[in-house]
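Q: any chance you can model this:
(one chain, ligands or ions: 1)
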Amino acid sequence: MRIILIGPPGSGKGTQAKRLVKKLGILHISSGDMLREAVAQGTRLGLQAEAFMRQGALVPDSLVIDMIMARISQADCKEGFVLDGFPRTLPQAEALDTALLAAEVEINHVPLLLVPDELIITRITDRVMDPVTGKIYHLIFNPPPDQVLHRVVHRKDDALETVTNRLAKYHEQTEALIPFYERKNLLRKICGVGTIEEVENSLLTALGVA
Ligand code: AMP
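A: Residues are numbered from 1 along each chain as shown. Modelled structure (predicted):
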């Protein structure tokens, strides 16, 4: 199955994508994780992307498109994938369409996680990550266990001002994907408010795999 998970930053895309991967045995491709890895490794892409990410701006389409196209053409993507964080603009969605058409494969579902902006702000500003396992926690709603608490860190771009920028970019650019995928009959609107399990159940039902 090929899935594109869309929704604002902090809507739970990463958390739900990890669960889908376990349930469906498909790959998780997160453009944000790939870019953070490139920054950490100091690659050319990482050096080009870093300043945009720090400000909560979008990394230029050309860089992200090349990165994702190279990834999805690899053999391990044949059985399916869940794309998390890509596409984020119409040119990215169009480039993806062209590549999938050439590879003669199709996207099956585009779930959209709906979460109001006010909730996004509290979710993201109290979000922490365990650098050892990569697990994401929320200091209030999903607190890290005691043995992990001392080592959790905030993502650099989860500061309030950056989150506001990221949300603005979502409304300005990424929301244009909603009518784009609606026209293709692929959009599945999911309420992203509730416990992780509640959202997961809605998602699995929408994908027809509950
Ligand atoms: P995320 O982890 O998906 O929230 O992404 C973190 C940051 O990486 C974003 O705020 C952007 O700066 C950058 N980024 C991730 N995916 C994309 C994309 N598809 N297009 C442009 N920038 C992206």
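Q: residue in this structure nearest to the ligand?
A: Across the chain, no residue is closer to the ligand than residue 32, which sits at 2.0 Å (Cβ to the nearest ligand atom). All C-beta spots, glycine's among them, are computed from the backbone N, C-alpha and C.
Q: near the ligand, which residues of the chain?
A: 9, 31-32, 35, 52-53, 56-59, 64, 85-86, 88, 92, 157, 166 (Cβ under 6 Å from any ligand atom).
Q: out of these, which are buried?
A: For the residues of the chain next to the ligand, a neighbour count by 16 or more other Cβ atoms under 10 Å gives the buried set as 9, 31-32, 35, 52-53, 56, 58-59, 64, 85-86, 88, 92, 157, 166.
Q: farthest pair within those residues?
A: Taking Cβ to Cβ, the two most distant members of these are 92 and 157; they sit 19.0 Å apart.
Q: just to revisit the earlier point, so of the residues of the chain next to the ligand, which ones are in strands?
A: Secondary structure of the residues of the chain next to the ligand is defined by DSSP state E; no position falls in strands.
Q: and the helix or strand hosting residue 22, what does it pack onto?
A: Residue 22 is located in helix 13-24, with elements delineated by DSSP states H and E. Using 3 or more Cβ pairs under 8 Å, 6 or more residues apart in numbering; DSSP states H and E, the elements in contact with helix 13-24 are strand 2-5, strand 27-30, strand 81-84, helix 196-207.
Q: in the last one, which residues are buried?
A: Within helix 196-207, the residues that qualify as buried by neighbour count (16+ other Cβ under 10 Å) are 199-200, 202-204, 206-207.
Q: kindly report the same for the first one.
A: Of the residues in strand 2-5, those buried by neighbour count under the rule 16+ other Cβ under 10 Å are 2-5.
Q: so can I have CSV of those residues showing distance to residue 187 and pLDDT?
A: Formatted as CSV, those follow (distance: Cβ to Cβ, whole Å; pLDDT from 0 to 100):
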residue, distance to residue 187, pLDDT
2, 14, 97
3, 12, 98
4, 10, 98
5, 12, 98
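Q: quick one, what contacts the closest residue in space to residue 170 that isn't next to it in sequence?
A: Among residues not flanking residue 170 along the chain, residue 8 sits closest, at 4.6 Å (Cβ to Cβ, 6 or more residues apart in numbering). Residues counted as contacts of residue 8 (Cβ atoms under 8 Å, 6 or more residues apart in numbering) are 113, 115, 117, 120, 167, 170, 174.
Q: phi, psi of residue 8?
A: Note on residue 8: backbone dihedrals following degrees, to the nearest 10 are phi -60, psi 160.
Q: local confidence estimate at it?
A: What the model reports for residue 8 is a pLDDT of 96.
Q: I'd like the distance between it and residue 160.
A: Using Cβ to Cβ, to the nearest Å, one gets 15 Å for the distance from residue 8 to residue 160.
Q: and what of residue 36?
A: Taking Cβ to Cβ, one finds residue 36 at 20 Å from residue 160.
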